[in-house]
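>>> Quick check, what structure comes out for this input:
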Amino acid sequence: KDHRWDTSSAGFFAYSSHPVSAALLRLPFQIFLLAVAALYCLTGTESLLSFASATRGYTHGPYVHYRLETTLTRNGTFGRQVAGPGLSAFGVIGLNGCSPQGCVSLDTTLPPFASWSSGSSIVASYLGAGVSMTGWYMHPSLEEGSQAGDPSFWTVWASNDTPEPGNGSCAVGGDVEHWYQGGAVEETDWCGARWTKVAHPTWRYTHEPSFWDFTQIPVSLPLERGAQGLATILLKPPWYHFVPYWILGDLSFAVACVIAVVCAVCKGALPRRRARFLPPPHLVLAFGLATAAFTTFCHALLVRDVWFLAVDSAGASFSLLFLVAAALFQGYNWAAVPVLIWGYALVQNGYWAICSTFMFPNDPWTKVTYSGIAGLVLALLVTLLRHKALCVANRMIRQDQMRCDALWETMLSQEAHTQHLRELDKHVKSLDLPDAAACRQFNRLRLDSSRAPPPPPPGGR
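Numbers count the residues shown, from 1 in each chain. Okay, here's the model as predicted:
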């Protein structure tokens, strides 16, 4: 085993010729990678279970009453200025995944219902004990030229209480300064009933606490009137809207972290003639990161019709390329690995801050990117450990430097010594040596190579 790496400080690895391979030989970094693997394995597994649960049966219910409340219209009206819901029909969709107008045969699981409007809301009240749903459908207003009053953003609520609208004063929109205020409210009181939020018109996905992470992005309904402008919205996603990003990306990186640590441990424990058959740990880690970036980019292409999901995935894929480059970097050069880690942290957090501003204008800072925060913490640790190592080294050599400076001044004060220094300088210049910028001590051979000679035994010659 080459013990020369074990004597280096933690701030040394990111600036060495083989940064990832060197770091993987140290126990703290191995524990860090295993912890990251456990986290991503947990999130990937939870995402898989959430996807299976959300797509297996109904998404919400059963509820007796479903209410669609228009909070923003096509012409920008919101709050108390919204005169009505802007719809002529509204109802929920069952397991068959289609509206009554689009089905070959009616869904027998949905009983007859009564639809009525009050204020800025339209309500679908079902008979019996209520129904469960997988989505909803709606028809714009029947009146020609009413496109300006079409809902552009709304909230679907559900309740088992009986609402009593009375004269309609309880159904008027809220007095708000911006249309997106109150978007994070999960429950509300409306006309004597308690309502639970079911959906918004747009969403991304998550694995907790709910499968749907509802956004606050306005949409445009068809310009046709009545049944000709039918809009059907299903909460169940197709597999390609979820699996490549939230499952494959997390699990591929988790597996790569574990394999990289195993390879690094085995390379340090096995004889060289056997360890050389193992893949280099830094390549394993880079492959896992590249796989996660590839699946995320594929997700961006597959959901390009949902622009905010495509932007989210594309940004995540691009930021991962910085970590792929950091894992692959080998050789003496400028501080490439710290710069790449900082690049990942800044790009990941920067693009997510921009996305959050558009998707969650009510409070963009409630959503954070945990991978971006982890990258920022890693970048700070690399920088601070390097700074600490330099400070310690400077303190260690300060006394020696003072003694050397004093000896140098003494030598320059004597003519004989000065003459010897001039002759030595003339001799060095006559040699064909590289310039000072190229002079390094290349005593660190590849960890994944069998060409590196074993170090001499302690006390040996």
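
>>> what's the helix or strand for residue 355?
Element membership for residue 355 (DSSP states H and E) is helix 336-359.

>>> actually residue 319, not the one I typed
Going by DSSP H and E, residue 319 is part of helix 307-328.

>>> Report the buried residues of that helix.
In terms of neighbour count (16 or more other Cβ atoms under 10 Å), helix 307-328 has its buried residues at 308-328. For every residue, glycine as well, the C-beta is placed using N, CA and C.

>>> now for the helix holding residue 355, which elements pack on it?
For helix 336-359, the packing partners by 3 or more Cβ pairs under 8 Å, 6 or more residues apart in numbering; DSSP states H and E come out as helix 307-328, helix 370-412.

>>> ok, of those helices, where does mean pLDDT dip lowest?
Per-stretch mean pLDDT for the helices and strands packed on helix 336-359 is lowest at helix 370-412 (a mean of 85).

>>> That one versus helix 307-328: what angle between them?
Computed with axes from the mean of the first three to the mean of the last three Cα atoms, to 10 degrees, the direction of helix 370-412 lies at 30 degrees from that of helix 307-328.

>>> May I see the buried residues of whatever helix or strand comes next after helix 370-412?
Once helix 370-412 ends, the next helix or strand along the chain (criterion: DSSP H and E) is helix 415-430. For helix 415-430, burial by neighbour count (16+ other Cβ under 10 Å) applies to no residue.

>>> who touches helix 415-430?
By Cβ atoms under 8 Å, 6 or more residues apart in numbering, the surrounding residues in contact with helix 415-430 are 411, 412.

>>> Ok, stretch 124-132 next?
57-67, 90-92, 94, 109-116, 160.

>>> Apply 10 Å and report the result again.
Outside stretch 124-132, the residues within contact range by Cβ atoms under 10 Å, 6 or more residues apart in numbering are 57-68, 89-92, 94-95, 107, 109-116, 133, 136, 138, 156, 158-160, 162-163.

>>> Can I have the buried ones of these as a PyMOL selection?
Buried residues among the contacts of stretch 124-132 (16+ other Cβ under 10 Å), as a PyMOL selection:
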select buried, resi 58+59+60+61+63+64+65+66+67+68+89+90+91+92+94+107+110+113+133+136+138+156+158+159+163
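
>>> Out of the contacts of stretch 124-132, name the ones that lie in strands.
Filtering the contacts of stretch 124-132 for membership in strands, criterion DSSP state E, returns 60-63, 65-68, 89-92, 113-116, 133, 136, 138, 156, 158-159.

>>> Give me the residue at the spatial middle of this structure.
With distances taken as Cα atoms, centre = their mean, residue 369 lies nearest the centre of the chain, 5.2 Å away.

>>> tell me which element residue 165 falls in.
Using DSSP H and E, residue 165 maps to neither a helix nor a strand.

>>> and the residue lying closest to residue 143 once chain neighbours are set aside, how many neighbours?
Leaving aside its sequence neighbours, residue 143 sits nearest to residue 225 (Cβ to Cβ, 6 or more residues apart in numbering; 7.0 Å). By other Cβ atoms under 10 Å, 18 other residues sit near residue 225.

>>> ok, back up a step: could you check the angle the helix holding residue 355 makes with helix 370-412?
Between helix 336-359 and helix 370-412, the angle comes out at 150 degrees (the same axes, to 10 degrees).

>>> What residues sit buried inside helix 336-359?
336-349, 351-352, 355-356, 359.

>>> Contact partners for residue 85?
Here residue 85 is in contact with 67-70, 73, 117-123, 138, 141, 149-151, 154, 171 (Cβ under 10 Å, 6+ apart).

>>> Same question for it, what's its three-state structure.
coil (DSSP: H, G, I helix; E, B strand; the rest coil).

>>> backbone phi and psi for it, please?
Dihedral angles of residue 85 (phi, psi; degrees, to the nearest 10) stand at phi -70, psi -20.

>>> Quickly note the distance from it to residue 156.
To residue 156, residue 85 is 11 Å away according to Cβ to Cβ, to the nearest Å.

>>> Now do the shared contacts for those two.
Residues touching both residue 85 and residue 156 (Cβ under 10 Å, 6+ apart) are 67, 68, 69, 138.

>>> any idea how far the second one is from residue 335?
Distance of residue 68 to residue 335, given as Cβ to Cβ: 56 Å.

>>> Over to residue 226?
65 Å.

>>> how many neighbours does residue 375 have?
Counted by other Cβ under 10 Å, the residues lying close to residue 375 total 23.

>>> For the chain, give me the ranges with low pLDDT.
1-12, 104, 208-209, 332-334, 364, 433-461 (pLDDT under 70).
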